[in-house]
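> Let me see the structure of the following:
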Amino acid sequence: MKNKSLSLVLLNTITLVIMLFANYASTSGMYSNKNVADVSHKYDTLFAPAGYAFIIWGVIFLLALSFVIYQWVLLKTNDSQRYVQRIGIWFTVSNIANAGWLYCWLNEQLGLSVICIFILLISLIILTIHLRLELDDVPVRNIFFVWWPVTFYLGWIMVATIACVASWLTSIGWAGIGISQSTWTIISIVIACLLYLIIIVTRNMREAAVVGIWAFIAIAVRQWNNHNGIVWTALLSSLILAIAISAHFYKNRNYSIGLKLKRGEW
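Residues are numbered from 1 along each chain as shown. I've put the predicted structure just below:
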């Protein structure tokens, strides 16, 4: 069992390095004379957020790195079977899917990029289920290094999946079955908001919804002087999520990180 855990952590580490390098290469021009933003602009949609929103990838990468480092720490404890075995191959799958998405996106194979991002989304959902994220009362260290890396990542990929599908539909010239692009964008924001509300209620995943607020506000910023309907839908959705997050936090305040740390728990 110990050897299996070690093999899984090695695989997670190697594929994480590959994924991080692929992302670096895609932004530095090492791989191609165009980057992710260039392709995004070519197949622009009203659902795309303002450029500053993508700095969240830096947070996601740091959390993913801490996730893998913590797995190495767990190998020396009895928690290795509890967490490493539950992670299984799914973090590796997410890393490969992320790198695959970049390759397809930069080569303007948007249909394949949609497949890759759905694989990434599904792998994160499976990790959420296997690790029982946000369902149990766990030590603060597990919240920081197990819960947050997956939860923040999932929160962003939820909205990124919609954006990727929208770009693909633009690339194939989809006419929207008689519904305007702005209306489809409003519908997409409402659906995303409902999904975030569902995971708050059913999985206690407030952090993922915080990422949703980040994305919605960035969409509103980008469309500020163009589409009032999109702006107000995005802002109202952000407000609804903020209220839901606050209410959920208050209801579960006895399990907050602050109180755990105050009690000397780690």
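
> Could you pull up the mean pLDDT of the longest helix seen in the chain?
Using DSSP state H, we find that the single longest helix of the chain is helix 2-28. Mean per-residue pLDDT for helix 2-28: 91.

> just stretch 74-94 next, same as before
pLDDT averaged over stretch 74-94 gives 86.

> and if you look at stretch 53-62?
Taken as a whole, stretch 53-62 carries a mean pLDDT of 97.

> Now it: buried residues?
Residues of stretch 53-62 classed as buried: 53-54, 56, 59-61 (neighbour count, 16 or more other C-beta atoms under 10 Å). The C-beta positions use only the backbone N, C-alpha and C, and glycine is treated the same way.

> can you check stretch 134-144 too?
134, 138, 142-144.

> Pipe these into JSON lines and attach pLDDT, distance to Ile186 and secondary structure per row.
Converted to JSON lines, the buried residues of stretch 134-144 look like this (pLDDT from 0 to 100; distance: C-beta to C-beta, whole Å; DSSP: H, G, I helix; E, B strand; the rest coil):
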{"residue": "Glu134", "pLDDT": "93", "distance to Ile186": "29", "secondary structure": "coil"}
{"residue": "Val138", "pLDDT": "88", "distance to Ile186": "38", "secondary structure": "coil"}
{"residue": "Asn142", "pLDDT": "91", "distance to Ile186": "38", "secondary structure": "helix"}
{"residue": "Ile143", "pLDDT": "92", "distance to Ile186": "35", "secondary structure": "helix"}
{"residue": "Phe144", "pLDDT": "93", "distance to Ile186": "36", "secondary structure": "helix"}
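
> any idea of the pLDDT on Tyr31?
On pLDDT, Tyr31 comes in at 73.

> Tell me the helix or strand right after the longest helix of the chain.
The first helix or strand that comes after helix 2-28 along the chain, using DSSP states H and E, is helix 36-42.

> what's in contact with that next one?
Applying C-beta atoms under 8 Å, 6 or more residues apart in numbering, the contact partners of helix 36-42 are 26-27, 48, 51, 102, 105-106, 108, 167.

> ok, back up a step: among the buried residues of stretch 53-62, which are in helices?
Per DSSP H, helices hold the following members of the buried residues of stretch 53-62: 56, 59-61.
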